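Asks: Provided below are the primary sequence and the corresponding predicted coordinates.
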Amino acid sequence: MSSRPVPGLLPWFACFAVFGLIPLLAALVLSFYSMNPLRPDLTHWIGASNYARAIGSPAFWHALRTTGIFVVGTLPVTLILSYIVAALLGRLRRGEALFRAAIFFPATLSMVVISLVFKSLYAEQGLLNGWLAALGFPRIHWLQDPRLALPSIMAMDVWASVGYYAILILAARKTLPLEQLEAARLEGLRPLQVERRIVLPHVKPVILFVVLLNTIRSFQIFIEVFVLTRGGPLDSTLTLVYHLYERAFYHFEMGYACAIAYILLALVGGILLLQRRFLSRSPAGAAAP
Amino acid sequence: MGSRGHSVVGRRAERLACAALALAAILTLPLAGCGKRPSAKQTIIFWQFSPLTAIRPVIDRFEKDYPDLDVQVEQLTWQSGREKIVAAIAAGRPPDLCEIGSTFLPGLVADSTLIDLTDSIPELIPVLRGWPVVRSRGRIYAIPWMLGTRALYMNGDLMKRAGLSPLRPPTTWASFARAVQLVDAVDPEAKGFGMNSGEREVLFKKFMPFAWGNGGDILDSTLTRSVVLSPQNIEALRFYLSLKPHSLLDRQEMLDEAFSRGRLGFIISGPWMLRKLPESAPHLHFEVTLMPRPAEGRGSPASFAGAEALGVFRGSRGKAAALQLARFLVREENAMPLYVATGNAFPAAVAAEQDSYFVSHPRDRVFVEQLRTAVAPPVHPRWVEMEEILNGELEEAIYGKKSAEAALRSADSRIVALLNPGP
Amino acid sequence: MSRAGWALVAIAVLSIAPLIYMARVSLGVGSSLPIAPSDWWTGGLTLDHYRALVSGSGIGRFAINSLIVTGIAVPLQILLSAAAGHALARSRFAGKGVTLGLATAFLILPRQVTLVPLYLLFAKLGLLDTYAGLILPHLADPFGVLFMAHYYQTLSPELEEAARTDGLSPRAIFWRIVLPLSGPGLAVVGVNGFLTTWNSFLHPLVLTTSESMRTLPVGLALFAQAEHSVDWGALLAGSTLATAPVLLAFLLFQRQIVEGLLQGSGR
């Protein structure tokens, strides 16, 4: 191992410094200012007031809670489903390519399009309610009912993410040497035992990666809310990023929005560190995201 | 794979990558400078929301009339136009002329982002309508371009089945409520009325017409006192909520959709439906009429008045040329084609009322008439917050979390607190 | 078929059902949604929406822009990610932890708050409304770097060390040894980069101002979504067309992603 930065890092880092670090730091600096994007000339330093305001704001806590429910509700479901789908795909003898493409398909759509399609599926006269009605059930107002709106968005999000993560997990499964599997089978282990004792430990690094990535993405949920519910009904889908979007672009409180963003950053960063500690027993110094 | 294989693949990859890098460098660097072609003409950067196919012919005519001016027109999206305008202003590079919706306008005025145009366009005052939407404390901050309002759509087939005649539309709250109930009862698959829910930002636009028609309002005429908790408002909200049991609750576009499928007796919607319905529902018999008034001889058939206005931002460089373009755009003969093409809002030009189009299209004419009794929300510096308060409280009332009176009381006290921030 | 097989069929059907739905609406008459079960069979079929899209929206130009941006950004992104990821995985230096932390932080930070600073930056650098402006931010995307750093951790360094003792320069090691072993990881980075670049909406919308610079998602949104209504037929026809290249890219790369990792394990 060499002890100085390798030149290989430089091309990316140069781009990142300009288009990543500058906005990142600008947002941090702005979080200590009162900044109205319409009147940049009036920007002034207000110390930690934006952070104090967020901590004291019921709307912020409500949005945080909503986001928390979303993350806790979707993450395990997505992970377990992805794992099962990957396991099923891994067992397939024929037609795997076709199934892989089908299952990966949702990942190829942009979130805007997915949200629009689901908006029509969830509509009062949409396909979903059409089927319910055909089966004799009453129509359900998926997105108009304050109790159902968030779960409906969560279900859509799970649908949209499972395929992508399943393919990542599948890729890791494929690196498992076949001899090892054969050996386990010869030892008389049942399929579930093989899965638990051999496959799971092997794909653990990728699972960790999927968990980290999914955590980051789930905390950022925005487009779904923007297209489907705008935070309603009765604030039931008001997520943190949607909340800060409204503060920034409707109330023009860019500094405050930046402070909320940085609280989110600290929170998610902390969660990622915890997840890494609990989920990975890999040697220290792992370059995990 | 042996090491020989590696090196072959590697060398090929290296060469390929170098080629890609070189290509990228060639492609990206010179392109960084393009887009600003030097030209003797003065360029006006104009941002607006209509499809380019609709606006381009108008711009072409302008450029022909003003050969020394060149217009760079850009279409904004309804989803993210706001972000784009805000980012451009923050960066000190706003467009020279910009279309601004009346809901966005008060925030811009409050922050003195728009240039005061009062003394630049006195000649336009008599020839355009819609000034209340763009006027704040006696000063004018944008030029009304297109005006929009909502009227009552009626499903003629459902009305006939309920024993009502679409030729005698309900004109009062009582007859409207009765019609809604009758239509709701006539078909289990149909609802009487389409009530907006699930998109907070439009709720007050749907309720306030009933309040305004009943003599109620949000602020008094001096814009210093809240009059939200008035008997007129409470009565109007009670009436509005009384329609709920017979209503489909959904977002506007879904209500429009349900109406076009013949599943709603009445909805409050805009003129865009006149373009859409004949195409999406050729067999639907529908009529458009004015909003109902509280009672015969009492109140008015009020509606919501919105506008698309043309504004000039502080820091935009070509104000004179921008106003030149604005004056051209608002002229009746230039604004009318836009209405015919998009059907969203019709010209603010007074002369448009006499346009032969409205003679040959009586349904469109209803909206022109409706505009006479339409009311615009107050252009108050804190309007964005007031709007949020009203929408939030109305939503609670619609979802049955609060009574009409409790919701308005709460809205009132929150707006009072906004108007009189404590010591 | 086995129970697992049936489960897989069910999942696959569930996954592509919206594609069928999109295709059905895009081929339907008129521009309405939602399509009720009864409309499914009764409504006529037409290519009108596709025709309107091709003739009226400049979709060709948008597609070319998207191809240019994706075609340049993705290969470069792959290369930069491999180089930087390898550097991060194989060396220890003072700023390494900080670099990884900042890269992760950038992934977490919501784009809504970096939009205005980014716009200012673009204005200063003269990048607004340019291809360079559409491409460069994608090269800064840390996802690929973090993924490749992770990937190289799982890859045994033996081969590289052997090459070093053979006297190969670090550059040669990277090009001749490391890169050829990175196929599967790079395929993931490539597909991910392709997805994010191709579907990117907010940045191209805000950071370009002329029609000739629009990318496919932006052009489609402008074409199909009006203030009060959405032209569903046009929108979903456009989405179906826009999704095709992504699916194609996946079909091309999937062997790499899924089957190539075996060679990638360094044996």
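Replies: In hand now; what should we look at?

Asks: domain ranges for chain B?
Replies: B:42-149+B:305-374, B:151-304+B:378-419 (automatic domain parsing).

Asks: distance check, the residue nearest the centre of chain C against B:Lys41.
Replies: By CA atoms, centre = their mean, chain C has its centre lying nearest to C:Leu195, at 1.7 Å. Here C:Leu195 is placed at a distance of 42 Å from B:Lys41 (CB to CB, to the nearest Å). Any C-beta I mention is one placed from the backbone N, CA and C, and that applies to glycine too.

Asks: again with C:Ile177
Replies: 58 Å.

Asks: quick one: which of the two has more around it?
Replies: C:Ile177 (20 against 12; other CB atoms under 10 Å in any protein chain shown).

Asks: thought the more buried one was touching C:Arg164?
Replies: No. Using CB atoms under 8 Å, C:Ile177 is not in contact with C:Arg164; the gap is 9.5 Å.

Asks: quick one: the nearest residue to C:Ser182 once chain neighbours are set aside and C:Phe174, what's the gap?
Replies: Distances taken as CB to CB, 6 or more residues apart in numbering or on different chains place C:Ala82 nearest to C:Ser182, at 5.5 Å, with adjacent residues excluded. Distance of C:Ala82 to C:Phe174, computed by CB to CB: 8 Å.

Asks: which one of those two has more residues nearby?
Replies: Applying other CB under 10 Å to C:Ala82 and C:Phe174 shows that C:Ala82 carries more neighbours, namely 26 against 23.

Asks: can you tell me the SS state at the closest residue to B:Lys401 other than its chain neighbours?
Replies: Distance criterion CB to CB, 6+ apart; nearest residue to B:Lys401, sequence neighbours excluded, is A:Leu234 at 7.1 Å. Using DSSP: H, G, I helix; E, B strand; the rest coil, the structure places A:Leu234 in coil.

Asks: quick check, pLDDT for A:Leu234.
Replies: For A:Leu234, the pLDDT comes out at 91.

Asks: and it, what is it in contact with?
Replies: Residues near A:Leu234 by CB atoms under 8 Å, 6 or more residues apart in numbering or on different chains: A:Pro146, B:Glu395, B:Glu396, B:Tyr399, B:Lys401.

Asks: also A:Val203?
Replies: When contacts are taken as CB under 8 Å, 6+ apart, A:Val203 is in contact with A:Ile169, A:Ala172, A:Arg173, A:Leu176.

Asks: for the residue in chain C positioned nearest to chain B, give its distance to C:Asp166.
Replies: Residue of chain C nearest chain B, by CB to the nearest CB: C:Arg176 (3.2 Å). Applying CB to CB, the value for C:Arg176 to C:Asp166 is 11 Å.

Asks: looking at these two, which one has more neighbours?
Replies: The neighbour count for C:Arg176 versus C:Asp166, taken as other CB under 10 Å, is higher for C:Arg176 (21 against 10).

Asks: now residue 194, what's its secondary structure?
Replies: As the question left the chain open, I've gone with chain A. A:Val194 is classified as helix under three-state DSSP.

Asks: same deal with B:Leu249?
Replies: strand.

Asks: all helices for chain A, in order.
Replies: Using DSSP state H, the helices assigned to chain A run over residues A:9-16, A:22-30, A:49-55, A:58-91, A:96-108, A:111-121, A:127-134, A:149-173, A:178-186, A:191-194, A:200-219, A:223-228, A:240-249, A:254-279.

Asks: so which of those helices is the most surrounded?
Replies: Of all these, helix A:240-249 carries the top mean neighbour count, a mean of 24, counting by mean count of other CB atoms under 10 Å in any protein chain shown.

Asks: which other residues reach it?
Replies: Applying CB under 8 Å, 6+ apart, the set of residues contacting helix A:240-249 is A:37, A:59-60, A:63-64, A:66-67, A:219-222, A:225-226, A:230-231, A:253-254, A:256-257, A:260-261, A:264, B:82-83, B:86, C:110, C:112-113, C:116.

Asks: near chain A, which residues of the stretch 101-250 of chain B are found?
Replies: The stretch 101-250 of chain B comes close to chain A at residues B:107-108, B:111-113, B:197-201, B:248-250, as judged by CB under 8 Å from any CB of the partner chain.

Asks: mind listing which of those residues are in strands?
Replies: B:Leu248, B:Leu249, B:Asp250 (DSSP state E).

Asks: after the helix or strand containing B:Tyr357 comes which helix or strand?
Replies: According to DSSP states H and E, B:Tyr357 maps onto helix B:356-360. Later in the chain than helix B:356-360, the nearest helix or strand by DSSP H and E is helix B:362-372.

Asks: which residues touch the residue nearest to the centre of chain C?
Replies: When contacts are counted by CB under 8 Å, 6+ apart, C:Leu195 touches A:Ala107, A:Thr108, C:Val246.

Asks: now pLDDT and distance to A:Glu195 too, for the residues you listed, in CSV please.
Replies: Below are the contacts of C:Leu195 laid out as CSV (pLDDT from 0 to 100; distance: CB to CB, whole Å):
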residue, pLDDT, distance to A:Glu195
A:Ala107, 87, 25
A:Thr108, 84, 29
C:Val246, 81, 32
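
Asks: returning to that earlier point: redo the helices of chain A as a markdown table? Include distance to C:Trp41.
Replies: Below are these laid out as a markdown table (distance: least, CB to CB, whole Å):
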| stretch | distance to C:Trp41 |
| --- | --- |
| helix A:9-16 | 52 |
| helix A:22-30 | 51 |
| helix A:49-55 | 53 |
| helix A:58-91 | 31 |
| helix A:96-108 | 23 |
| helix A:111-121 | 18 |
| helix A:127-134 | 12 |
| helix A:149-173 | 25 |
| helix A:178-186 | 47 |
| helix A:191-194 | 42 |
| helix A:200-219 | 38 |
| helix A:223-228 | 28 |
| helix A:240-249 | 38 |
| helix A:254-279 | 47 |
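
Asks: just to revisit the earlier point, looks like the residue of chain C closest to chain B contacts C:Leu168 (just checking).
Replies: Yes. C:Arg176 is within contact range of C:Leu168, at 7.2 Å (criterion: CB under 8 Å).

Asks: does chain C have contacts with stretch B:84-92?
Replies: Yes. Legend: contact between stretch B:84-92 and chain C by CB under 8 Å from any CB is shown at B:Lys84, B:Val86, B:Ala87, B:Ala88, B:Ala90, B:Ala91, B:Gly92.

Asks: separation between the third one and A:Ala123?
Replies: Spelled out, that is B:Ala87. According to CB to CB, B:Ala87 and A:Ala123 sit 33 Å apart.

Asks: these two: who's more crowded?
Replies: When B:Ala87 and A:Ala123 are compared for neighbours, A:Ala123 comes out ahead with 27 against 23, by other CB under 10 Å.
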